[in-house]
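**Q** sequence and computational prediction follow.
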Amino acid sequence: MAVLSTPRRFQRLFIIALLVLTTWYLFLTRYNNSSLLLLPTKDNTGKYKYIPSSYDWSKRPFKHPFNSSTLTHLPIGTPRQLPRIQHDFSKDQTNNLHTQLQRKRKNAVKQSAKKSYHSYRKYAFGHDELSPLRLKGIQSFAGWGATLVDSLDTLWIMGLKTEFLEAVSKVATIDWANTTADSCNLFETNIRYLGGLLSAYDLSNQEYKVLLNKAIELADMLYSAFDTPNHMPANNFHFDKAKKGELIPNQAESSAAVGTLSLEFTRLSQLTGDSKYFNAIDGIKKSMERTQDETALPGMWPVFVDLENGFDVSRGNTFNMGASADSAYEYLSKMYLLLGGLDEEYKRMHLKAVDAASKHVVFRPMVPDGEKTHDILFSGTVMSNGRTVELLTEVQHLGCFTGGMFALGGKLFEVEEDVKIGERLARGCAWAYEVFPSGIMPEVSDVLACDRDEKGELNLCEWDEEKWTGGGRLPKPFFSVRNPQYLLRPEAIESVFILYRITGEKEWLDVAWRMFERVKKATETKHAHSAISDVRVKAGDTIKTDSMEVSLSFHPKDFGTFC
Ligand SMILES: *[C@@H]1O[C@H](CO)[C@@H](O)[C@H](O)[C@H]1NC(C)=O
Ligand SMILES: *[C@@H]1O[C@H](CO)[C@@H](O)[C@H](O)[C@H]1NC(C)=O
């Protein structure tokens, strides 16, 4: 299916193993979800040898400047009292998290993270990634130290203070102008480096000002991606062209790439008091809002949009919440939260999107006899030309974040129905983990589905052996596996985590623990963890692909130089 292999070029790729481990760890630790809004800044940068980057992007004049009389500023006003998202654990009779069993599990997760991080530190410190078998440093994200930056928040959360402080002093010397690459990918650089710096800065109580300084330097560079004729960002950030104001946004850009800048840019405006970052991403929000009802599947945006022609959605016919689209949806409710509930547009966009997705994209798999009680859902892909809507019942591991997204949005906007859909989606991915021999679900597969009833409900249906065309090692109802790899992705366990925190139901702790144990067994190497080539074998027999971050299906040449 050509449409499904093209997104590979732009795929939202490869979240690092440590991120997975953080999520596991978070299950097991009480973690105060305090407000993200502005807190006083304590500056102790003096402790670190802060070396500013050798090129200062903030001094570069825009070739296509924003009109200063129409800049959008952060919304002002008192943040709203928003509904509680987390279950109130203080009212529980027994505290699940502090049992001896949970302490043991927590320690096991921490030891795994520590082992991987220490190998990175020993063999690849300052490089983007560690290759877990050859034990070499790899530069896959422009060479600024992607793992170093992306691990900061994990180190802090796990209480690895010594490692954290050492990492901060290394980060303090990053020079964003020192790279052998010609260009970097705006989306990846934003989520890994800028997101990593800002989350570490906030989590560590804003004490390490150097993290903010590095974030500002980087954001000033990435802000230049908006120096284009129509102020839509160029995802392929070519350094020399950017300096000359010659970037042009793509005609076929993944919606995730353009929709996943908002949280980081907004947070930076909140921290610096400079609205320019927020103004830039607000242009994207306005485009998303303008086009949301005009697409071939109203409520959702096509996986690819034409940015060169001002966010044109008229030619897109593929819709899903998987590769290349995922976090464009994820960020909507989180933006509403970050802005203290003061921007209703994000709420409206989220509600319309999840409404369209639950009517068209979400489906119920057909499960064999004996497993009828499984009330589970998956998120698939829709092809639509505006008249006919066709559902492809594929399951992408990347789409497993939807359980958490539906549930979180359901709590935030008080739509109990969405919390339930989120639970069923999270259970769907957890169940898919269970049925494959390795205990892990594949990257992309196809599954038999039940038809919706006349009312459009996702009811239970009878297993129909005739329809199943799978065989060999395939567990029913999966009838094909298009990509059998597991790339150390965190989406499934992240949703399980969110569901536990929202519902307080103990069963999720055990679901997560089983996932952790199996992933550990299937991916662990002597020094770290590795992606595996095929989840259809037993956990002890997997083939490790010597990659923590970047899949085998990833071809750097497709990206030009990728960062
Ligand atoms: C900037 O915006 C104002 C208000 O809409 C408009 O009058 C003015 O012509 C714009 N300036 C430029 C250079 O486009
Ligand atoms: C540039 O980065 C490389 C690693 O990518 C590092 O080895 C080198 O020391 C850096 N150069 C300067 C001048 O910072």
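**A** All right, it came through fine. Ligands and ions are numbered 1, 2, ... in the order given.

**Q** so how far is residue 103 from the most centrally placed residue in the chain?
**A** Geometric centre of the chain, nearest residue: residue 327, 5.8 Å, by Cα atoms, centre = their mean. Distance of residue 327 to residue 103, given as Cβ to Cβ, to the nearest Å: 33 Å. Just so you know, the C-beta spots here come from the backbone N, C-alpha and C atoms, and that holds for glycine as well.

**Q** from the contact counts, what lies against the helix or strand where residue 284 lies?
**A** For residue 284, the host element (DSSP states H and E) is helix 276-291. Other elements packing on helix 276-291 under the criterion 3 or more Cβ pairs under 8 Å, 6 or more residues apart in numbering; DSSP states H and E are helix 209-223, helix 255-259, helix 262-272, helix 344-356.

**Q** report the angle between the longest one and helix 276-291.
**A** What that stands for is helix 209-223. On the basis of axes from the mean of the first three to the mean of the last three Cα atoms, to 10 degrees, helix 209-223 is oriented at 50 degrees to helix 276-291.

**Q** is helix 209-223 up against ligand 2 anywhere?
**A** No: judged by Cβ under 6 Å from any ligand atom, helix 209-223 and ligand 2 are separated, with a smallest distance of 13.8 Å.

**Q** partners of the helix or strand following that helix in the sheet?
**A** Toward the C-terminus, helix 209-223 is succeeded by strand 236-238 as the next helix or strand (DSSP H and E). Using DSSP bridges, strand 236-238 pairs in its sheet with strand 183-185 (antiparallel).

**Q** buried sites along the strand it pairs with?
**A** 183-185 (16 or more other Cβ atoms under 10 Å).

**Q** need the residues of the stretch 51-200 of the chain near ligand 1, please.
**A** So the stretch 51-200 of the chain meets ligand 1 at 67, 69-70 (Cβ under 6 Å from any ligand atom).

**Q** below-threshold pLDDT in the chain: ranges please.
**A** 1-47, 93-98, 370-372, 549-563 (pLDDT under 70).

**Q** residue ranges for the strands of it, please.
**A** 129-131, 136-138, 183-185, 236-238, 253-254, 304-305, 318-320, 362-363, 378-379, 381-384, 389-392, 394-396, 444-447, 478-483 (DSSP state E).

**Q** before we move on, the earlier item: just the CA atoms of the helix holding residue 284, as PDB, please.
**A** Extracted as PDB, the C-alpha positions of helix 276-291 are listed here (Å, rounded to 0.1, in the frame of the first residue of the first chain):
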ATOM      1  CA  LYS A 276       7.700  35.900  19.100                       C
ATOM      2  CA  TYR A 277       7.900  32.100  19.500                       C
ATOM      3  CA  PHE A 278       4.200  31.900  20.400                       C
ATOM      4  CA  ASN A 279       3.300  34.300  17.600                       C
ATOM      5  CA  ALA A 280       5.000  31.900  15.100                       C
ATOM      6  CA  ILE A 281       3.200  28.800  16.200                       C
ATOM      7  CA  ASP A 282      -0.100  30.700  16.500                       C
ATOM      8  CA  GLY A 283      -0.100  31.100  12.700                       C
ATOM      9  CA  ILE A 284      -0.100  27.300  12.400                       C
ATOM     10  CA  LYS A 285      -3.000  27.000  14.900                       C
ATOM     11  CA  LYS A 286      -5.000  29.500  12.800                       C
ATOM     12  CA  SER A 287      -4.400  27.500   9.700                       C
ATOM     13  CA  MET A 288      -5.400  24.300  11.400                       C
ATOM     14  CA  GLU A 289      -8.500  25.900  12.700                       C
ATOM     15  CA  ARG A 290      -9.400  27.400   9.300                       C
ATOM     16  CA  THR A 291      -9.100  24.100   7.500                       C
END
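
**Q** list of residues touching it?
**A** Contact with helix 276-291 is made by 66, 71-74, 219, 223, 226, 231-233, 258-259, 261-262, 265-266, 268-269, 301, 305, 310-311, 313, 328, 335, 345-346, 348-349, as judged by Cβ atoms under 8 Å, 6 or more residues apart in numbering.

**Q** the same query, at a cut-off of 7 Å, please.
**A** 66, 71-72, 74, 219, 223, 226, 231, 258-259, 261-262, 265-266, 268-269, 301, 311, 313, 345, 349 (Cβ atoms under 7 Å, 6 or more residues apart in numbering).

**Q** cool, and stretch 494-513?
**A** 23-24, 26-27, 85-87, 89, 92, 96, 105, 400-401, 403-404, 407-408, 411, 419, 422-423, 425-426, 429-430, 493, 515.
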